[in-house]
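In: Provided below are the primary sequence and the corresponding predicted coordinates.
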Amino acid sequence: MKRISILLGAFLLLALTTSESAVANAPTFSDDIAPIVFNKCTTCHRPGEAAPFTFMNYREISKRGRLIARVVDSGFMPPWHAKSGDYQFHGDRRLKQSEIEEIKAWVAADMPEGNPDKVPALPKFTDGWQLGKPDLVVKMKEGYTLHAEGPDVYRNFVIPLELKEDKWISAIEFRPGNRSIVHHSLFYFDTEGSARELDAKDPVPGFRRMAKGLQRNAIGGWAVGGTPRHLPGGLAYKLPKGSDLILSTHFHPSGKEETELSTLGIYFTDAPTQGFSVVQLPPVFGALSGVNIPPGEANYHKEDSFVLPIDVRAFGVSAHAHYLGKALDMSAELPDGSKRVLLDIPEWDFSWQEQYNYTGWVDLPKGTKVHANVVWDNSSDNINNPNDPPKWVRWGRESEDEMGSVTLLVVAKNPSELDVLKQSYRDHVRKAASQSVVNRFAGSGNNRKSLIQRITERFDKDGDGKLNRAEQEEARKFYRRNRR
């Protein structure tokens, strides 16, 4: 019995010593955790930002330590959805696996504070214009009041600019007046006055549905946690004289009625020495995109490929889908057969839509095959599905319709060849649009060749045996009037 007591005592002493050693070797807030949280989390979790609570000191962070460990371990936080094993992105907010393990170990050790005198200083967050004094500062004409509770709101606002000459934009810095309710805002310009007309017809500031064609006039955007940057390499967006600026803004209620009055700083630059272009796959060309998602379908997908006709250098990539979006990716197969991942978003989130800029130029030689794949989930298992029960969802501009594409931003390695790329891509879009018409007419089990003949016979007004651009448009209009 005495021997058992001695052994038990030795065991307890060993366990206690081991436990004390583990605690002694555990990460501390001051030495290990504060540098991680301050640099990767406090950007949004501080006063005046959209995050729901602040992470400014040991008390605030340890209070939610277990929550932090769970969300970083799952990848839910920090919010960053882009991946690529081949290229790095500016401003990547993801934690390293070693940082995640350190946070978990700290929480498991009951979150020791360490020496308070060794806590690093908070990063210096710029309260004013982060890119310096803008060349032009504009704001919404009047505030928009958001309800206290209920669904998120997507609304568009017109800001007249009254520019007397064409301008070139290198950056736009967006400053929400009320960060707690603004999630993201996308920027467009309008030269036709259509947005003003829509605004005038709506008794509430702004308007709900984006005017047809305006989304082709994109000039940037802002999302929670985003950092304003100038376009690289002297590139710029053209802003035609007489343009109105459109803010397409996503709001989420904060629990109390609040009003937003957004301000923007616009940075002009000289006319660029070269232009840039996009390769959007699949291309968005209206209802003919063929998106027609059955209720209950958890893996509806569209894919598209485009072969580069010239050498290009990519500098950014973005993705877009609505609530049913599930996953999007873009890859490049180089002429030598090697493959590169340009963007991988395995878990799409409609609330986090960013443009991801590469840390360096991505060279893609002539003959590279760029491929994109978009997956939607229209099942009841999709917690973001706005329809209960699920229903048929087709292409459309409204948030509860669907879109889906990945867009690569590129310059021509030889600037004089940029028009070759643009023309080749326009041909790709026209071909895809025409094929979509064929697919819609085809139904199931029909012979494609006879359908092409029937469509051509019906809309070939000049009798040359093929459809020109005007005739293709007539076919599309016919489809839009008669689609189910």
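Out: Cool, the structure landed.

In: mind listing the strands for the stretch 1-150 of the chain?
Out: 136-139, 144-146 (DSSP state E, counting those that start in this stretch).

In: contacts for the helix or strand following the shortest one, please.
Out: In the C-terminal direction, the helix or strand that comes right after strand 144-146 (DSSP states H and E) is strand 153-160. Applying C-beta atoms under 8 Å, 6 or more residues apart in numbering, the set of residues contacting strand 153-160 from outside is 138-141, 144, 146-147, 190, 195-196, 198-199, 205-210, 244-253, 262, 264, 399. In this view, the C-beta of every residue, glycine as well, is placed from N, C-alpha and C.

In: before we move on, back to that, closest one to Leu163 among the strands of the stretch 1-150 of the chain?
Out: strand 136-139 (8.7 Å; C-beta to C-beta).

In: nearest to Val362, out of the strands of the stretch 1-150 of the chain?
Out: strand 136-139 (31.8 Å).

In: can you tell me the strand partners of the closest one and which way each runs?
Out: On the basis of DSSP bridges, the sheet neighbours of strand 136-139 come out as strand 263-268 (antiparallel).

In: just the CA trace of the partner strand, in PDB.
Out: Extracted C-alpha coordinates of strand 263-268, given in PDB (Å, rounded to 0.1, in the frame of the first residue of the first chain):
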ATOM      1  CA  THR A 263     -17.400  60.100 -49.500                       C
ATOM      2  CA  LEU A 264     -14.900  59.200 -52.200                       C
ATOM      3  CA  GLY A 265     -11.400  60.600 -53.000                       C
ATOM      4  CA  ILE A 266     -10.500  60.300 -56.700                       C
ATOM      5  CA  TYR A 267      -6.900  60.200 -57.800                       C
ATOM      6  CA  PHE A 268      -6.200  61.400 -61.400                       C
END
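
In: send me the helix or strand following that strand as PDB with only the CA atoms.
Out: Going down the chain from strand 263-268, the next helix or strand is strand 277-281, by DSSP H and E. Coordinates of each C-alpha in strand 277-281 appear next as PDB, following Å, rounded to 0.1, in the frame of the first residue of the first chain:
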ATOM      1  CA  SER A 277      -8.100  44.600 -70.800                       C
ATOM      2  CA  VAL A 278     -10.100  41.800 -69.300                       C
ATOM      3  CA  VAL A 279     -10.600  38.200 -70.000                       C
ATOM      4  CA  GLN A 280     -13.900  37.300 -68.400                       C
ATOM      5  CA  LEU A 281     -14.900  33.600 -68.400                       C
END
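
In: other SSEs contacting strand 277-281?
Out: Secondary structure elements in contact with strand 277-281, counted by 3 or more C-beta pairs under 8 Å, 6 or more residues apart in numbering; DSSP states H and E, are strand 300-307, strand 369-376, strand 404-412, helix 418-442.

In: give me the three-state assignment for the closest residue in space to Thr145 that isn't next to it in sequence.
Out: Closest residue to Thr145 apart from its sequence neighbours, by C-beta to C-beta, 6 or more residues apart in numbering: Thr259 at 4.7 Å. Classification of Thr259 by DSSP: H, G, I helix; E, B strand; the rest coil places it in strand.

In: okay, helices next: where are they in the stretch 1-150 of the chain?
Out: 2-25, 34-40, 58-63, 65-74, 97-108 (DSSP state H, counting those that start in this stretch).

In: list the contacts of the third one.
Out: By that I understand helix 58-63. Applying C-beta under 8 Å, 6+ apart, the set of residues contacting helix 58-63 is 29-30, 33-34, 37, 53-55, 68, 111, 113, 116, 119.

In: what remains of these if I keep only buried residues?
Out: Buried subset of these (neighbour count, 16 or more other C-beta atoms under 10 Å): Phe29, Ser30, Ile33, Ala34, Val37, Thr54, Phe55, Ile68, Met111, Val119.

In: before we move on, back to that, so which of the strands of the stretch 1-150 of the chain comes closest to Glu173?
Out: strand 136-139 (9.5 Å).

In: ok, the spatially closest residue to Arg313 that is not a sequence neighbour to Leu214 distance?
Out: Nearest residue to Arg313, sequence neighbours excluded (C-beta to C-beta, 6+ apart): Trp361, at 4.4 Å. Per C-beta to C-beta, to the nearest Å, Trp361 is found 30 Å from Leu214.

In: tell me which of those two has more neighbours.
Out: Taking neighbours as other C-beta atoms under 10 Å, Trp361 and Leu214 compare with Leu214 leading, 21 against 15.

In: ramachandran coordinates for the closest residue to that one other than its chain neighbours?
Out: Of all residues not flanking Leu214 in the chain, Tyr188 sits nearest, at 5.1 Å (C-beta to C-beta, 6+ apart). Main-chain torsions, Tyr188, degrees, to the nearest 10: phi -140, psi 160.

In: my read: Tyr188 touches Ile219, true?
Out: Yes - Tyr188 lies in contact with Ile219 (C-beta atoms under 8 Å); the separation is 6.6 Å.

In: more crowded one of those two?
Out: Neighbours per residue (other C-beta under 10 Å) separate Tyr188 from Ile219, with Tyr188 holding more: 23 against 18.

In: residue contacts, that one?
Out: By C-beta under 8 Å, 6+ apart, the neighbours of Tyr188 are Met210, Leu214, Gln215, Asn217, Ala218, Ile219, Leu245, Ile246, Ser248.

In: so what sits opposite it in the bridge?
Out: Ala218, Ile246.

In: for Lys366, see how far away it is.
Out: Counting by C-beta to C-beta, the gap from Tyr188 to Lys366 is 32 Å.

In: sorry, back to before: give me the buried entries from the contacts of strand 153-160.
Out: In the contacts of strand 153-160, the ones that pass as buried (16+ other C-beta under 10 Å) are 138, 140, 144, 146, 190, 195-196, 198-199, 205-207, 210, 244-253, 262, 264, 399.

In: now tell me what touches stretch 89-101 from outside.
Out: 36, 40, 72-73, 75, 78-80, 82, 103, 225-227, 229, 356-359.

In: list the buried residues of stretch 75-86.
Out: Buried residues in stretch 75-86 (16+ other C-beta under 10 Å): Met77, Pro78, Pro79, Trp80, His81, Ala82, Lys83, Ser84.
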